[in-house]
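J.: any chance you can model this:
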Amino acid sequence: MKLMGDSKKTLKYFLSRKWKAMIFIAALSFIVAFFESLATFAIYPVLSLMSPETVSGVHNSNLDTIMSWITSHSPASPLYAAVVLLFGLTLIKLVLSYGNILLTWVTANTIYQETQIQIMSSLLRSDYQFLLSAQKGDLAYRALNAPGYVSKITNVIPMITVEVLKTLMLMTMLFLISPQVTLFLVIIATLYFLVARYIAGNVSYGTGSGRAKSASNQSIHAMNALKGIKAIRLFGVTKFWIDQFARECKNFYFFARKDAAITGIPSMLLELVSVSFICAMALYFTGNGKNFLGNLPMIGVFAYSLLKLLPSLKQISNYGMELMANLPHAEAAYHAIEESERYQGNAGGHEWLNAFQSQIAIKDVSFYYANTKKPAVRNVNVEIAKGQFVGIIGPSGSGKTTLLDLLGGLLKVSSGEILLDGKPIDSFSSESMSDHISYVGQDPFLYNETIRNNILFGRKDPGNDAIRQALRKADVLEFVESLPGGLDFVVADDGMKMSGGQRQRICIARALLRNPEILLLDEATSALDHKTEEKIIETILRIVRQDRDTVIFVTHRKSAIQQADHIIKMKDGQVLTPEEPSSVSPNRETDGDLRPEI
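T.: Here you go, the predicted structure:
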């Protein structure tokens, strides 16, 4: 089984995580194999002492030594001593083997659990751009399914170790009895392993790669289909999506069938190995006038050893092929960790933001998305004072959302800088910034939990009164109280049981509950009717005036920002300059007093 570079890195990475346990398992595997061999060898004195004729037929110095030791230590009942020895060695081997299996299972499943948690943790902390470009279904497969194959590999490797050690020790002891017969067994076993090794390295790994790819595609198609079920039904393309998923299921089955068909070949070869060895052993022990009865104990040891060796040989080849077939899945898990850690998100600096006090300054900021030549935001210069309501408008693709993501710390500027109270925004830890900034996006996110938990969103529960107050500000309290269970009503994934406007208002309540000093709104009222939007804007203005909080509102609706302190109009990633006049908005305090946008 020749391992490629990624395979070696993958095995080294996961096995080293529990290296102490793996070393202990390897040592215990050696002890198990040793007692397995001793128990097999202990068959000989039992068979020999059952009949005086068999004892007289023995002509092997190693066996004579064992027999002499037993008879000298128990001259009255050597057969009884031999039986006790056999039973004792077998019992010790079974206890040690059970402990080894249990420890291997615990270690493998601990690695499985820790790998799942690590992948999910790394993904959630990875760079936002990395997550934007990645396929969510593939990431779900890597986080949920692939670690299971890591567990299988870490479970299989100790088993291979036990079987290999057992085989080597049995071969060694058989060699002490009959070097000629053992040599023949070694030759045919080597030929068998060469065939199994070729299949494992060239076939099992290839079919495993095909299954890993199909499993990833299944996850991608399933996630896309469930997420877009409404559009799929309304467009009448259900069969198309079913066919896509079915195609990947058939691909997975194809590779699994190919693997099963080809990996069954070593088992057939093993039958030939068994027959060949039995024939050779029969010819050797009965040919040239040899005393069959005198050699019966030796034949019994070889026969019992064969019963142990053949399953071991089969297990080694099966485990080897299983290892190679599972490696592509483990590599997918390894790459998920490696890539997400390589593209770690902007965790910010080490300084703690205690409060937003004066101003946000955007100085000559440009930003490029990965693998693009045109900047999404270019040379933007804007100053926003604390307590201002600032609107950002512009056509689709003008850079509004990107600018908001930069202000929220999701993205890191390609050039220029964003200052918060005179300090670079990335000098503050992202954790401390999140305590002062709330965000409501154009795609409101709700998950399959109660309304209460959707509003708390992982934060400490301040009590029902505070939650109801936030719902009242978002003009959604009456709707929530009309639902069965009220705050404990469970919404579906993405809030599919609710209208777009209801989802947006609950997300606005989530943002307002945290009493943010900076509120970022990205088309946060796009699904609301004009009357509801006006109520929410009034609430936002009241918050701005009373608490001197800062609101930055991206929208296509000019009506939503008519009362803004400033309006930033963007086009092609730039803020329009005075030389490029744009529309103006009426001052909220003096009708007809028009102000240029900045």
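J.: hey, let's count contacts and neighbours off CA atoms from now on
T.: Fine.
J.: and the helix or strand hosting residue 122, what's its mean pLDDT?
T.: For residue 122, the host element (DSSP states H and E) is helix 78-125. Per-residue pLDDT over helix 78-125 has a mean of 88.
J.: with only the CA atoms kept, save stretch 508-523 in CSV.
T.: The C-alpha trace of stretch 508-523 is given here as CSV (Å, rounded to 0.1, in the frame of the first residue of the first chain):
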residue,chain,number,x,y,z
ILE,A,508,-34.4,43.7,13.5
ALA,A,509,-35.6,42.9,17.0
ARG,A,510,-32.6,40.6,17.5
ALA,A,511,-30.3,43.5,16.6
LEU,A,512,-32.1,46.1,18.8
LEU,A,513,-32.2,43.7,21.8
ARG,A,514,-28.4,44.1,22.1
ASN,A,515,-28.6,47.9,22.3
PRO,A,516,-25.8,48.4,19.8
GLU,A,517,-23.8,51.6,19.5
ILE,A,518,-23.5,50.9,15.8
LEU,A,519,-26.3,49.4,13.8
LEU,A,520,-25.6,48.1,10.3
LEU,A,521,-28.7,47.6,8.2
ASP,A,522,-28.4,46.0,4.7
GLU,A,523,-31.7,46.3,2.9
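J.: all helices for the stretch 151-300 of the chain, in order.
T.: Listed in chain order, the helices of the stretch 151-300 of the chain (DSSP state H, counting those that start in this stretch) span 179-199, 205-227, 229-234, 238-263, 265-286, 296-342.
J.: how about the contacts made by the residue nearest in space to the middle of the chain?
T.: With distances taken as C-alpha atoms, centre = their mean, residue 143 lies nearest the centre of the chain, 2.2 Å away. Residues in contact with residue 143 (C-alpha atoms under 8 Å, 6 or more residues apart in numbering) are 116-117, 119-120, 333, 336.
J.: and the residues you listed, which is closest to residue 186?
T.: Within those, distances to residue 186 taken as C-alpha to C-alpha reach their minimum at residue 333, with 38.2 Å.
J.: isn't the closest one right up against residue 117?
T.: No. Contact criterion C-alpha atoms under 8 Å: residue 333 and residue 117 do not qualify, at 11.4 Å.
J.: quick one, which of the two is more surrounded?
T.: Using other C-alpha atoms under 10 Å as the criterion, residue 333 and residue 117 rank with residue 333 on top: 28 against 15.
J.: the residue nearest to the centre of the chain and residue 226: what is the separation?
T.: 19 Å (C-alpha to C-alpha, to the nearest Å).
J.: same question, residue 555
T.: As judged by C-alpha to C-alpha, residue 555 and residue 226 stand 29 Å apart.
J.: between the two, which is the more surrounded one?
T.: Counted by other C-alpha under 10 Å, residue 555 and residue 226 do not tie: residue 555 has more neighbours, with 23 against 10.
J.: residue contacts, the more buried one?
T.: Contact partners of residue 555, counting by C-alpha under 8 Å, 6+ apart, are 391-393, 522-524, 526.
J.: of those residues - the most surrounded one?
T.: Most neighbours among these, by other C-alpha under 10 Å: residue 392, with 27 neighbours.
J.: wait, doesn't it sit right on residue 551?
T.: No. Counting by C-alpha under 8 Å, residue 392 stays clear of residue 551, with 10.7 Å between them.
J.: so who does residue 375 touch?
T.: Residue 375 makes contacts with 366-369, 573, as judged by C-alpha under 8 Å, 6+ apart.
J.: helix, strand or coil: sort out it for me.
T.: Following DSSP: H, G, I helix; E, B strand; the rest coil, the label given to residue 375 is coil.
J.: any regions of the protein where pLDDT drops low?
T.: Within the chain, the ranges that satisfy pLDDT under 70 run 1-5, 49-76, 273, 277-278, 280-305, 344-349, 577-598.
J.: let's see 50
T.: Applying pLDDT under 50 to the chain flags residues 54-58, 578-598.
J.: tell me which of the helices of the stretch 151-300 of the chain sits nearest to residue 106.
T.: With distances scored as C-alpha to C-alpha, the stretch of these nearest to residue 106 is helix 296-342 (18.2 Å).
J.: now that closest one, how far from the centre of its chain.
T.: 24 Å (C-alpha atoms, centre = their mean, to the nearest Å).
J.: same question for stretch 143-155.
T.: In this view, stretch 143-155 has its centroid 9 Å away from the chain centroid, taken as C-alpha atoms, centre = their mean.
J.: give the contact list for residue 402.
T.: So residue 402 contacts 376-377, 411 (C-alpha under 8 Å, 6+ apart).
J.: which one of those is nearest residue 79?
T.: Nearest to residue 79 among those is residue 411, at 80.4 Å by C-alpha to C-alpha.
J.: number of residues surrounding residue 155?
T.: By other C-alpha under 10 Å, 22 other residues sit near residue 155.
J.: so it versus residue 116, what's the distance?
T.: Noted for residue 155: a distance of 16 Å to residue 116, by C-alpha to C-alpha.
J.: residue 488 now?
T.: For residue 488, the distance to residue 116 equals 30 Å [C-alpha to C-alpha].
J.: when those two are compared, which one has more neighbours?
T.: Using other C-alpha under 10 Å as the criterion, residue 488 and residue 116 rank with residue 116 on top: 21 against 15.
J.: ok, and the closest non-adjacent residue to that one?
T.: residue 143 (5.5 Å; C-alpha to C-alpha, 6 or more residues apart in numbering).
J.: can you tell me how far residue 155 sits from residue 530?
T.: Distance check for residue 155 against residue 530: by C-alpha to C-alpha, it reads 61 Å.
J.: for residue 452, same thing?
T.: Counting by C-alpha to C-alpha, the separation of residue 452 from residue 530 is 27 Å.
J.: and if you look at residue 366?
T.: 35 Å.
J.: between those two, which is the more surrounded one?
T.: Per other C-alpha under 10 Å, whichever of residue 366 and residue 530 has more neighbours is residue 366, with 23 against 12.
J.: could you find the closest non-adjacent residue to the more buried one?
T.: Nearest to residue 366 is residue 378, by C-alpha to C-alpha, 6+ apart, at 4.2 Å.
J.: so the one you found sits in a strand?
T.: Yes. Counting by three-state DSSP, residue 378 is part of a strand.
J.: that one: how many residues sit nearby?
T.: Residue 378 has 22 neighbouring residues, counting by other C-alpha under 10 Å.
J.: is it true that it touches residue 574?
T.: Yes. Here residue 378 reaches residue 574: they are 5.4 Å apart, a contact under C-alpha under 8 Å.
J.: so what's residue 450 up against?
T.: So residue 450 contacts 487-491 (C-alpha under 8 Å, 6+ apart).
J.: related to what we said a few turns ago, from the contacts of residue 555, pick the one nearest residue 230.
T.: Among those, residue 526 lies closest to residue 230 (C-alpha to C-alpha), at 19.8 Å.
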